[in-house]
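# Predicted model and sequence below, questions to follow.
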Amino acid sequence: MFSSFYNNKIDSFNIEVTEVQQQNQAWRNMQNHWGLIEDLIEGTSKIRGKSRLYLRQEPREEDESYDVRLSRSVCPPYFVRMERMLAGMLTRKPVRLNEVPETIEEQLFDVDLEGNNLTNFIYNITRLCIRYGHIGVLVDAPAEGGRPYWIPYTPRDIIGWRTEIKNGQRQLSQLRLTERIVKPKGLYGEETIEQIRVLEPGTFKLFQRNNDGDFKKVDEGNTSLDIIPFSVAYSNKVGIYESRPPLEDIAELNIKSYQIQSDYDNQLHISAVPMLAFFGFPAAAEEVSAGPSEALSLPEGSSASYIEPNGNSFQAQRDRIDKLEYQINELGLAAILGQKMSAETAQSKRISRSQGDSTMMVLSQQIQDLVDNCLRFHALFEKQSVAGTSFVNRDFVDSSLEPQGVDALLKIYAQGVIDQEELLKKLVEGEVLSEDFNIEEMINKTQMGGLIETDERATTTENE
């Protein structure tokens, strides 16, 4: 709906890329889908800054009146809250690592050298993946031999790529990434420099924008890996390194809600100050003022009264806003979790875990594959023969047992309906016990405790 306003129309034919800073055709195809979403992430101040785009000025509406209406209009944060909620569902439980070397596992407590541990890092890249449609992560290491670290790149930063089939797998043969680095300037200042990193298997080149706006090569060299250590996760894939935002329709509804809310607030403001009307008052009479501390003296046969709306239109506007909120919730939860949040599921407080075709389930597997690939790249930099694997949460909604459920399990266990192993499994599934609770070890300890107790009783009887 709004995408055509962000950029000029982009033709579908392939363009010729001759400069390092030029984006390829797939990037240009995706660009039209980012503008509205990025503005919603910035919030009300950004939306107001593009006033004529998102909140049209009505015919015959004076500029001053429009500016007042714009200053009172607030964009509801539906999109950003949905994005945060879904990323939070994915990281509701910390990522589990299997057979990851201790050296690498320790480094994952600050995986990006920005103070983020692996779970926080996954939360951040999941938000970006939901926002844009995919996310890329580069595993890099300083040339002087420092520890590896992970760098996220949004589709806006991935401006060009080439792939080839090698050893039965599609691999990157070239990758161009835009970056912004901050350097000191003067005694206390700093400057941001835009640069482009060009990666090929075993080599790299860096280009920086100069004062003339051109990109000039400032560094190049070899890397310690014969591959490009870059991995991608998708939430709505349409091609190689190409995607579409999965919540784009929610973004459209969000801006629609902003517009209707603005109309509704403006109507309430106008109706809160009813208009005074005079009847039978000469049109040529001198100007009359009215206020809370004033009295009117009118000619004989004339009258004055306040005119105000009956309020029917307000309810229609309010109903429309409520309907939009409902649509946003339905679209977000149905498209992402694979089912509608009907009254029955709301009462049961559960969402089926069998939604294997939902976007969140696919995204969870995609993020897990990305982490596994990055662990492999990390291990190559560290010259480790074993990289290990990860497991990203699939239980998106809190399914912990209520106290009544725990009591019911204990009762049927006491009656011998289920054994101790089944009881402990149910308590782990119900999140009463943690996922890393060792059921087998606990059973062994319990059995050993019983044997020891039996032996003690037997010894006591013999002594007596």
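Done, it's in. Residues are numbered from 1 along each chain as shown.
# quick one, strands of the chain?
Secondary structure of the chain (DSSP state E): strands at 96-98, 134-140, 149-153, 158-166, 169-185, 189-200, 203-209, 215-222, 230-234, 237-239, 242-243, 275-279, 303-307, 389-391.
# what helices or strands is the fifth one leaning on?
The elements that strand 169-185 packs onto, with contact taken as 3 or more C-beta pairs under 8 Å, 6 or more residues apart in numbering; DSSP states H and E, are strand 158-166, strand 189-200. Glycine gets a C-beta too; all of them are placed from N, C-alpha and C.
# Could you look over those strands and pick the most buried one?
Most buried of the helices and strands packed on strand 169-185 by mean neighbour count (mean count of other C-beta atoms under 10 Å) is strand 158-166; its value is a mean of 16.
# Identify the residues contacting residue 109.
117-118 (C-beta atoms under 8 Å, 6 or more residues apart in numbering).
# What confidence value was assigned to it?
The pLDDT attached to residue 109 in the predicted structure is 95.
# And it, how close does it get to residue 39?
Computed as C-beta to C-beta, to the nearest Å, the residue 109 to residue 39 distance reads 35 Å.
# Give me the residue ranges of the stretch 1-150 of the chain where confidence is low.
In the predicted model of the stretch 1-150 of the chain, residues 1-14 satisfy pLDDT under 70.
# Residue 183 touches residue 191, doesn't it?
Yes. If you go by C-beta atoms under 8 Å, residue 183 and residue 191 touch, sitting 5.7 Å apart.
# which residue sits closest to residue 57, ignoring its sequence neighbours?
Leaving aside its sequence neighbours, residue 57 sits nearest to residue 66 (C-beta to C-beta, 6 or more residues apart in numbering; 4.7 Å).
# and residue 200, bridged to which residues?
residue 203 (DSSP bridges).
# That one contacts residue 226, correct?
No. Using C-beta under 8 Å, residue 200 makes no contact with residue 226, being 10.2 Å away.
# Distance to residue 75 added to the helices and strands packed on strand 169-185, as JSON lines?
Formatted as JSON lines, these follow (distance: least, C-beta to C-beta, whole Å):
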{"stretch": "strand 158-166", "distance to residue 75": "29"}
{"stretch": "strand 189-200", "distance to residue 75": "28"}
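# could these be laid out in JSON lines, adding distance to residue 261 and mean pLDDT?
Shown next, in JSON lines, are the helices and strands packed on strand 169-185 (distance: least, C-beta to C-beta, whole Å; pLDDT from 0 to 100):
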{"stretch": "strand 158-166", "distance to residue 261": "36", "mean pLDDT": "94"}
{"stretch": "strand 189-200", "distance to residue 261": "36", "mean pLDDT": "95"}
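# Any idea which of the ones you listed gets closest to residue 443?
Of all the helices and strands packed on strand 169-185, strand 158-166 sits nearest to residue 443, with 49.3 Å by C-beta to C-beta.
# now for that closest one, which elements pack on it?
Counting contacts by 3+ C-beta pairs under 8 Å, 6+ apart, strand 158-166 packs against helix 25-31, strand 169-185.
# Which residues outside it are in contact with it?
With contacts defined as C-beta under 8 Å, 6+ apart, strand 158-166 is touched by 17, 21-24, 27, 136, 170-178, 196, 240-241.
# Of the residues you listed, grab the buried ones for ChimeraX.
A single ChimeraX command selects the buried members of these (16 or more other C-beta atoms under 10 Å):
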select :21,23,24,27,136,172,175,176,177,178,196,241
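# Which one of the strands of the chain lies nearest to residue 127?
strand 134-140 (8.9 Å).
# Render the CA-only coordinates of the closest one in PDB, please.
Taking Å, rounded to 0.1, in the frame of the first residue of the first chain, the C-alpha atoms of strand 134-140 are listed here in PDB:
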ATOM      1  CA  HIS A 134      16.100 -13.100   6.900                       C
ATOM      2  CA  ILE A 135      19.300 -12.400   8.800                       C
ATOM      3  CA  GLY A 136      22.900 -13.200   8.200                       C
ATOM      4  CA  VAL A 137      25.800 -13.700  10.600                       C
ATOM      5  CA  LEU A 138      29.500 -13.500   9.800                       C
ATOM      6  CA  VAL A 139      32.000 -15.200  12.100                       C
ATOM      7  CA  ASP A 140      35.200 -13.200  12.000                       C
END
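# Need the contact partners of that strand.
125-126, 128-129, 148-155, 157-158, 177, 199, 229-237, 241-243, 370, 374, 377-378, 381.
# Could you identify the buried members of these?
Applying 16+ other C-beta under 10 Å to the contacts of strand 134-140 flags 125-126, 128-129, 148-151, 153-155, 157-158, 177, 199, 229-237, 241-243, 370, 374, 377-378, 381 as buried.
# ok, which stretches of the stretch 1-150 of the chain are helices?
3-6, 25-31, 35-42, 44-49, 51-54, 63-72, 78-90, 102-107, 118-132 (DSSP state H, counting those that start in this stretch).
# Reformat the ones you listed as JSON lines; add distance to residue 415.
Formatted as JSON lines, the helices of the stretch 1-150 of the chain follow (distance: least, C-beta to C-beta, whole Å):
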{"stretch": "helix 3-6", "distance to residue 415": "63"}
{"stretch": "helix 25-31", "distance to residue 415": "60"}
{"stretch": "helix 35-42", "distance to residue 415": "55"}
{"stretch": "helix 44-49", "distance to residue 415": "59"}
{"stretch": "helix 51-54", "distance to residue 415": "63"}
{"stretch": "helix 63-72", "distance to residue 415": "65"}
{"stretch": "helix 78-90", "distance to residue 415": "37"}
{"stretch": "helix 102-107", "distance to residue 415": "44"}
{"stretch": "helix 118-132", "distance to residue 415": "40"}
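# Could you say which of those is packed most deeply?
helix 118-132 (a mean of 23).
# Tell me the helices and strands packed up against it.
Checking 3+ C-beta pairs under 8 Å, 6+ apart, helix 118-132 ends up next to helix 35-42, helix 78-90, strand 134-140, strand 149-153, strand 230-234, helix 359-381.
# quick one: the third one to strand 189-200, angle?
For the pair strand 134-140 and strand 189-200, the angle between their directions (axes from the mean of the first three to the mean of the last three C-alpha atoms, to 10 degrees) equals 90 degrees.
# Starting from strand 134-140, tell me which strands it pairs with and how they run.
Counting by DSSP bridges, the strands paired with strand 134-140 are strand 149-153 (antiparallel), strand 230-234 (antiparallel).
# Serialize these to CSV and add fields for distance to residue 302.
Listed next are the strands paired with strand 134-140 as CSV, based on distance: least, C-beta to C-beta, whole Å:
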stretch, distance to residue 302
strand 149-153, 73
strand 230-234, 73
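# Thank you, goodbye.
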